[in-house]
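Enquirer: just need the structure, nothing else, for what follows:
(one chain, ligands or ions: 1)
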Amino acid sequence: MTARNIDGKAFAAGLRARVAEGAAEVIAKAGRKPGLAVVLVGEDPASAVYVRSKGKATIAAGMESFEHRLPADTSQETLETLVDQLNADPAVDGILVQLPLPRHLDESAIITRIDPDKDVDGFHPVNAGRLATGLPGFVPCTPLGCLMLLRDVHGDLTGLDAVVIGRSNIVGKPMAQLLIGDSCTVTVAHSRTLDLPAVVKRADIVVAAVGRAGMVKPDWTKPGATLIDVGINRTEAGLVGDIDPACAEVAGAMTPVPGGVGPMTIAVLLRNTLVSAARREGVTLSQDI
Ligand SMILES: Nc1nc(=O)c2c([nH]1)NC[C@@H]1CN(c3ccc(C(=O)N[C@@H](CCC(=O)O)C(=O)O)cc3)C=[N+]21
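Expert: Alright, predicted model coming up:
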């Protein structure tokens, strides 16, 4: 058997096209473009690449991009003052502070300072609480992108056995919440899980978000399972995921790296920014996205 390739890049292109239609509706009704502010502290080359591609995608969707690049030695106070300004700026619907921040900065204090209703990353504790309790709010982009792909593959996820590998606040925990919301039976595995291969082998759905190249093996995979690879590992062999590509011999469907979850993350960020702009301007969009 060879798994179906889940083309996240193509799905993301469709999502970005729907976001562009929604952005045009906001512009027509509110007289301004949806705006996304991205803050990058320091010179990490990988982060600079992401920030540039976010900026390009934002403009291509008909939205305004506000980029703030600060030096690596920026103080906590300076960064907090910038967040306060962006919170107060009516042209800014979404604020993203690129993580990780340099070590001398208090990441949690910065995230908590962002207005939860502009927190398009969904990292603020208020949005984590909203997700956990089923209230409307922003959902982190990577797990929401994974859920969109899973719904596209399966239609209804009810009753499926899902295993999330990784328990981070950014991917693992919100992914588990979303899968519970879609009535999966959810297991969250992590570095202390006993007999991970046996846990994964039960799963109809596997979401791997650990950051270990090729960790999930073909003999861990239930025949026909859907595998979602969140891993972005830079190796000598190039960019590789957390799932061994040989799992395609056993799985039913699988995301590639690159071209799977990564492009979805950026498309969902634009989607969340559009939703924020529509809500802030009282515009009802003509389609759910
Ligand atoms: N506040 C914050 N929010 C984030 O969402 C956030 C962040 N900080 N810090 C860094 C990570 C990483 N991230 C990615 C986005 C797109 C791709 C992506 O498009 N990847 C391409 C490949 C790109 C390449 O070749 O390097 C792909 O998988 O096909 C990857 C990773 C968002 N992040």
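Enquirer: who's in contact with stretch 108-125?
Expert: 36, 76, 79-80, 83-84, 86-87, 92-97, 99, 101, 126-128, 131, 137-141, 144, 169-170, 174, 269, 272-273, 276, 279-280 (C-beta atoms under 8 Å, 6 or more residues apart in numbering). For every residue, glycine as well, the C-beta is placed using N, CA and C.
Enquirer: which residues touch P256?
Expert: Applying C-beta under 8 Å, 6+ apart, the residues near P256 are N5, I6, D7, G8, D229, G241.
Enquirer: what comes up buried for the helix or strand hosting K29?
Expert: Taking DSSP states H and E as the criterion, K29 maps to helix 8-30. Burial within helix 8-30, assessed by neighbour count using 16 or more other C-beta atoms under 10 Å, is assigned to 8-9, 11-12, 15-16, 18-19, 22-23, 25-27.
Enquirer: repeat that for stretch 281-289.
Expert: Buried residues in stretch 281-289, counting neighbours by 16+ other C-beta under 10 Å, are found at E281, V283, L285, I289.
Enquirer: what about N5, how many residues nearby?
Expert: By other C-beta atoms under 10 Å, 14 other residues sit near N5.
Enquirer: helix or strand: which one has the residue nearest to it when sequence neighbours are not counted?
Expert: Among residues not flanking N5 along the chain, P256 sits closest, at 6.1 Å (C-beta to C-beta, 6 or more residues apart in numbering). Using DSSP H and E, P256 sits within no helix or strand.
Enquirer: go on, T58?
Expert: Judged by DSSP H and E, T58 forms part of helix 45-60.
Enquirer: parallel or antiparallel, which strands does the helix or strand following that helix pair with?
Expert: Using DSSP H and E, the helix or strand that directly follows helix 45-60 along the chain is strand 64-70. In the sheet containing strand 64-70, the strands it pairs with under DSSP bridges are strand 35-41 (parallel).
Enquirer: how about the contacts of P256, which pair is most distant?
Expert: Using C-beta to C-beta, the contacts of P256 span at most 14.8 Å, a distance reached by D7 and G241.
Enquirer: so which of those two has more stuff around it?
Expert: Of the pair D7 and G241, G241 is the one with more neighbours under other C-beta under 10 Å, namely 30 against 16.
Enquirer: give me phi/psi at that one?
Expert: When quoted as degrees, to the nearest 10, the phi and psi of G241 stand at phi -90, psi -170.
Enquirer: show me which residues of the stretch 51-200 of the chain are close to the ligand?
Expert: Neighbours of the ligand within the stretch 51-200 of the chain, by C-beta under 6 Å from any ligand atom: L96, V97, Q98, L99, D121, C141.
Enquirer: narrow these to those in strands?
Expert: L96, V97 (DSSP state E).
Enquirer: which SS state does P223 fall under?
Expert: Three-state call for P223 (DSSP: H, G, I helix; E, B strand; the rest coil): coil.
Enquirer: which single residue of the stretch 1-150 of the chain ends up nearest the ligand?
Expert: Nearest residue of the stretch 1-150 of the chain to the ligand: L99, at 3.9 Å (C-beta to the nearest ligand atom).
Enquirer: run through the residues that contact that residue.
Expert: Counting by C-beta under 8 Å, 6+ apart, L99 has contacts E107, F123, I170.
Enquirer: before we move on, back to that, can you dump the C-alpha coordinates of the helix holding T58 into PDB?
Expert: Extracted as PDB, the C-alpha positions of helix 45-60 are listed here (Å, rounded to 0.1, in the frame of the first residue of the first chain):
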ATOM      1  CA  PRO A  45      18.100  33.400  10.000                       C
ATOM      2  CA  ALA A  46      15.400  30.800  10.100                       C
ATOM      3  CA  SER A  47      13.000  33.200  11.900                       C
ATOM      4  CA  ALA A  48      13.900  35.900   9.400                       C
ATOM      5  CA  VAL A  49      12.800  33.600   6.600                       C
ATOM      6  CA  TYR A  50       9.500  32.800   8.200                       C
ATOM      7  CA  VAL A  51       8.800  36.500   8.900                       C
ATOM      8  CA  ARG A  52       9.500  37.400   5.300                       C
ATOM      9  CA  SER A  53       7.200  34.700   3.900                       C
ATOM     10  CA  LYS A  54       4.500  35.700   6.400                       C
ATOM     11  CA  GLY A  55       4.800  39.300   5.200                       C
ATOM     12  CA  LYS A  56       4.600  38.300   1.500                       C
ATOM     13  CA  ALA A  57       1.600  36.100   2.100                       C
ATOM     14  CA  THR A  58      -0.200  38.800   4.100                       C
ATOM     15  CA  ILE A  59       0.200  41.300   1.200                       C
ATOM     16  CA  ALA A  60      -0.800  38.700  -1.400                       C
END
